[in-house]
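[1] Build the 3D model from these lines:
(4 chains)
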Protein chains: 2
Amino acid sequence: MLQTILEALVETRRREILGLVKYRELSAGEIFDYFAPYNVTRPAISQHIQVLEKAGLVSMRREGTRRLYQARPEGLSELKTFLEEYWDEGLELLKNLAETEERRMVSDDLAER
Amino acid sequence: MLQTILEALVETRRREILGLVKYRELSAGEIFDYFAPYNVTRPAISQHIQVLEKAGLVSMRREGTRRLYQARPEGLSELKTFLEEYWDEGLELLKNLAETEERRMVSDDLAER
DNA sequence: TCTAAATGTAACTTGACACTTACGTAAGTC
DNA sequence: GACTTACGTAAGTGTCAAGTTACATTTAGA
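    Model (predicted):
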């Protein structure tokens, strides 16, 4: 769901987590270690990870007592679709409008003579 | 700012507003008229529009007492950059991983003989 | 099987934000 | 200049989510 994806991404800390597990698998503990200096507790990080997982933005596999997480780019596909709908179509539209406007101004010029 | 953009987009109603002014300019009042059946007040809509404007997602021009709004696709460029960083690079990475994995499995097969 | 390690879950507190009502403001109209 | 139209802004309120502390769960090892 696009809504779920956006809710997951709107939190800076969750985007940071996503950045950490983008290129490599990391355990929950390793992710926490990264944020420990920032004065945040382990449960807070754990809860952030759950949000990312439920949004389909990270995958998880167990290895012994550890849980290894990694980014799941496909999870962003809905956001990508949404964005393209505005970016590609939107820019195209603006371009056409600008051209139409230009033609109109040129014909105004001609009409003046 | 990416943060501001995401905060603007995370609200369903704001995405709906963005959808309304994607292809055509609409006045604040016209936007409100669209949502009136949904039992929401005019100030609420007005505040949503301000959030969108501050995030650079809509542009505004005055025409008499009216204010006309329109979607501004370029406002999404930071989000687009963020997304591509995960989508394109991320998928590329996964593909490479999968191929590496495949080679490993093949060599395992060979080793079995 | 007792213990330790790694992690998730529950319950609660607090701060932010999306509403509401009430009011302010600027541009047209008589 | 008073009135109306079309808005934005201020102040207050309720809800929800992000954080905390405390507890539960699962796996590995002596």
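[2] measure the residue nearest to residue A:27 when sequence neighbours are not counted to residue A:32 for me?
    Among residues not flanking residue A:27 along the chain, residue A:66 sits closest, at 4.4 Å (C-beta to C-beta, 6 or more residues apart in numbering or on different chains). To be clear about C-beta, it is placed using only N, CA and C from the backbone, and glycine gets the same treatment. Taking C-beta to C-beta, to the nearest Å as the measure, residue A:66 falls 12 Å from residue A:32.
[3] These two - which one has more neighbours?
    Set side by side, residue A:66 and residue A:32 show more neighbours around residue A:32, with 19 against 12, by other C-beta atoms under 10 Å in any protein chain shown.
[4] so that one sits in a helix?
    Yes - with DSSP: H, G, I helix; E, B strand; the rest coil as the criterion, residue A:32 is part of a helix.
[5] And stretch A:73-81, what's buried?
    Residues A:73, A:75-76, A:78-80 are the ones in stretch A:73-81 that count as buried (16 or more other C-beta atoms under 10 Å in any protein chain shown).
[6] Stretch A:81-88 and chain B in contact?
    Yes - using C-beta under 8 Å from any C-beta of the partner chain, stretch A:81-88 reaches chain B at A:83, A:86-87.
[7] Contact residues of chain A facing DNA strand C?
    Counting by C-beta under 7 Å from any atom of the strand, chain A comes close to DNA strand C at A:27-30, A:32, A:42-43, A:46-47, A:49-50, A:60, A:65-67.
[8] Narrow these to those in strands?
    Those of the residues of chain A next to DNA strand C mapping onto strands are A:27, A:60, A:66-67, per DSSP state E.
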